[in-house]
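only geometry, no sequence info:
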Ligand code: NAP
């Protein structure tokens with residue numbers, strides 16, 4: 001049993017949908033004060049209403065410094081400081097290198113990687129003030145461990161988050177703040193649903209646990225990194241993928 005995070009102040013970027021919504025659900029169920037942040041206000045308002053407990057929302061583009069700084073400062077003011085930052089928002093358009101316009105590459109890098117830097121930078125003054133803090137990044141198995149045609153930019157951004165994590169862990173230690181990353185496999189979300197049933201079925205068949213993960217599976221891993229009990233873990237990552245990266249070959253998975 002982890003020490004309760006009741007009353008703690010939490011930000012979840014990309015909390016209006018998918019994995020972010022799952023992370024927000026887990027923290028809200030703990031009694032934390034949660035702000036979800038993303039671009040579409042109608043989606044945010046709907047999610048904040050449906051989520052359990054005390055959830056507020058903030059419209060924010062995580063690739064834009066002014067927007068991120070305003071969101072973090074306003075949230076800290078509204079929630080009495082900041083204890084946990086879950087930098088989760090991300091995008092995964094699928095385009096092969098040969099067809100990709102360089103602006104698409106830059107956009108994915110901005111949403112997925114630059115955003116990690118911006119969110120952490122904005123949170124530092126609040127962690128410094130509190131004398132402690134927690135950051136949880138949502139990376140992926142795609143990039144750091146696996147590849148998938150069409151996701152060269154996405155994979156590079158997700159591997160980049162882990163590169164950022166190592167030095168950030170060192171720099172944040174002076175504020176008694178840890179930073180770690182969750183690396184999801186295929187998690188069932190609205191975003192993934194858009195890739196079609198055939199993709200979902202093929203993916204489920206390639207996972208030893210024979211199913212896609214749930215958004216709260218990622219929320220639970222984030223909760224652990226945010227917990228009092230994880231105070232001595234920093235600069236690390238955990239794969240949450242139902243065993244997806246383990247099989248050596250199609251034959252190996254067929255043997256199960
Ligand atoms: P999703 O269902 O498409 O949700 C993405 C969330 O991010 C939405 O709330 C979206 O809201 C927000 N967002 C996107 N661009 C943003 C921006 N520029 N500024 C602010 N918010 C933005 O995606 P998901 O599957 O939950 O993915 C969430 C994270 O998990 C991503 O970092 C992704 O790389 C990672 N991940 C997902 C899977 C998976 O299987 N689903 C696997 C590995 C890793 P708006 O569009 O309204 O801004």
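Structure received. It should be emphasised that the depicted structure is a prediction, and the values quoted were computed from it without experimental measurement.

alpha carbons only for contacts and neighbour counts from here, please
Will do.

what number of residues lie near residue 247?
By other C-alpha atoms under 10 Å, 15 other residues sit near residue 247.

Let me see the contact set for the closest residue in space to it that isn't next to it in sequence.
Nearest residue to residue 247 in three dimensions, chain neighbours excluded: residue 253, at 5.8 Å (C-alpha to C-alpha, 6 or more residues apart in numbering). Going by C-alpha atoms under 8 Å, 6 or more residues apart in numbering, residue 253 touches 206, 207, 208, 247.

which among those residues gets closest to the ligand?
Nearest to the ligand among the contacts of residue 253: residue 207, at 12.5 Å, using C-alpha to the nearest ligand atom.

From residue 1, how far out is that closest one?
For residue 207, the distance to residue 1 equals 29 Å [C-alpha to C-alpha, to the nearest Å].

can you list the residues of the stretch 101-250 of the chain near the ligand?
Contacts of the stretch 101-250 of the chain with the ligand, taken as C-alpha under 6 Å from any ligand atom, map to 111, 138-140, 184-192.

change it to 5 Å
Counting by C-alpha under 5 Å from any ligand atom, the positions of the stretch 101-250 of the chain adjacent to the ligand are 111, 140, 184, 185, 186, 187, 190, 191.

quick one: which of these is nearest to residue 73?
If you rank these by distance to residue 73 using C-alpha to C-alpha, residue 111 comes first, at 19.8 Å.

Quick one: classify the closest residue to the closest one other than its chain neighbours as helix, strand or coil.
Here the nearest residue to residue 111 in space, its sequence neighbours aside, is residue 63; by C-alpha to C-alpha, 6+ apart that works out to 5.0 Å. With DSSP: H, G, I helix; E, B strand; the rest coil as the basis, residue 63 sits in coil.

wait, residue 63 sits on residue 106?
No: here residue 63 lies out of contact with residue 106, judged by C-alpha atoms under 8 Å, at a distance of 10.6 Å.

sorry, back to before: of the residues of the stretch 101-250 of the chain next to the ligand - the most surrounded one?
Neighbour-wise, those (other C-alpha under 10 Å) top out at residue 140, 27 neighbours.
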